[in-house]
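# task: produce atomic coordinates for the following.
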Amino acid sequence: MRKNVPPHSAASAPQEVRIIGGQWKRTRLPVAQSPGLRPTPSRVRETLFNWLGQRLDGWRCLDAFAGSGALGLEAASRGAAEVVLVEHDAALCRSLGTTLAKLKATGVRVERGDGVAALAQRQGQGLDLVFLDPPFAEGGNEALFDEALRAARRAIGENGLIYLEAPRAWSGDELAQRGLQLHRHGRAGQVAFHLLRVLAAE
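Modelled structure (predicted):
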C-alpha cells in the first residue's frame, strides 16, 4: 500500500481508513505518517470484495506490502481463517500490532520483512488470496512488480487469486508470461487494479 507520490500531496493523505464489511465493519484504522503510504481507497476495496463475493470464510491470505493493513484486515473481517501482513517498515509493523491487539484479531499476524521473500517462502503452499500493492516508483518499478507476480503465482493454489494494484494496466500477454490471466480489472484515478487467476492449461 505504499506509493511514491510528489511531496505536495502528502497533506492530502488520509489519517485513517475504515473497514467496510464483516465483523469489524466501520472500524477505523490509523494511517501512520510514512512517506508514500497510500492505503487502497474504500471504493476500490468495495469493488474488490464485491468481485470476491463478500465472504472469505476459511481462506488463507497474505498481504505482501501491507502498509496500513487495510486489505488484509478487510479479508479477516470477512471470515478469512489466516491472514499474514508483511511489511518492511518497523514503525508500520508496530502500528499494525497495536491495531491487531485492539481488534483481538487472533487469525492475523504481522511479519516484518520483504514481501517478495515472504511469498517465495510460501511456494507451493496453495494460498487462496495474495494482495500485491507494491511501491510505485518513478518508471513504474517494473522489476519489483515482475518479481512479486511470479512469487505470488507460485504461492497460490490452482484456484487461488491475486489482487494487483499498479500505476498502469497489465495486459493479458504480460500476465500470461507469468502464468496468470486477468479475471477482473478497474481503474481509480491514476491506479489500475486487477484480480488475477492462474492461467488455465490449454
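# next up, the contacts around residue 175.
By CB atoms under 8 Å, 6 or more residues apart in numbering, the contact list for residue 175 reads 149, 181, 182, 196, 199. Where you see a C-beta, it was placed from the backbone N, CA and C, and this is true even at glycine.
# will you turn those residues into a markdown table that also has pLDDT?
Converted to a markdown table, those look like this (pLDDT from 0 to 100):
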| residue | pLDDT |
| --- | --- |
| 149 | 97 |
| 181 | 97 |
| 182 | 97 |
| 196 | 98 |
| 199 | 92 |
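# filter the residues you listed down to the ones in strands?
Mapping the contacts of residue 175 onto strands (DSSP state E) picks out 181, 182, 196.
# out of those residues, who's nearest residue 57?
Set against residue 57, the nearest of the ones in strands among the contacts of residue 175 by CB to CB is residue 196 (21.6 Å).
# thought the closest one was touching residue 185?
No - applying CB atoms under 8 Å, one finds residue 196 not in contact with residue 185, separated by 9.0 Å.
# compare the two (neighbour count), which wins?
Higher neighbour count among residue 196 and residue 185: residue 196, with 26 against 14, using other CB atoms under 10 Å.
# given the biggest strand by length in the chain, what are its sheet partners and their directions?
Ordering each strand of the chain by length in residues (DSSP E) puts strand 156-166 first. In the sheet containing strand 156-166, its partner strands are strand 127-132 (parallel), strand 191-198 (antiparallel), by DSSP bridges.
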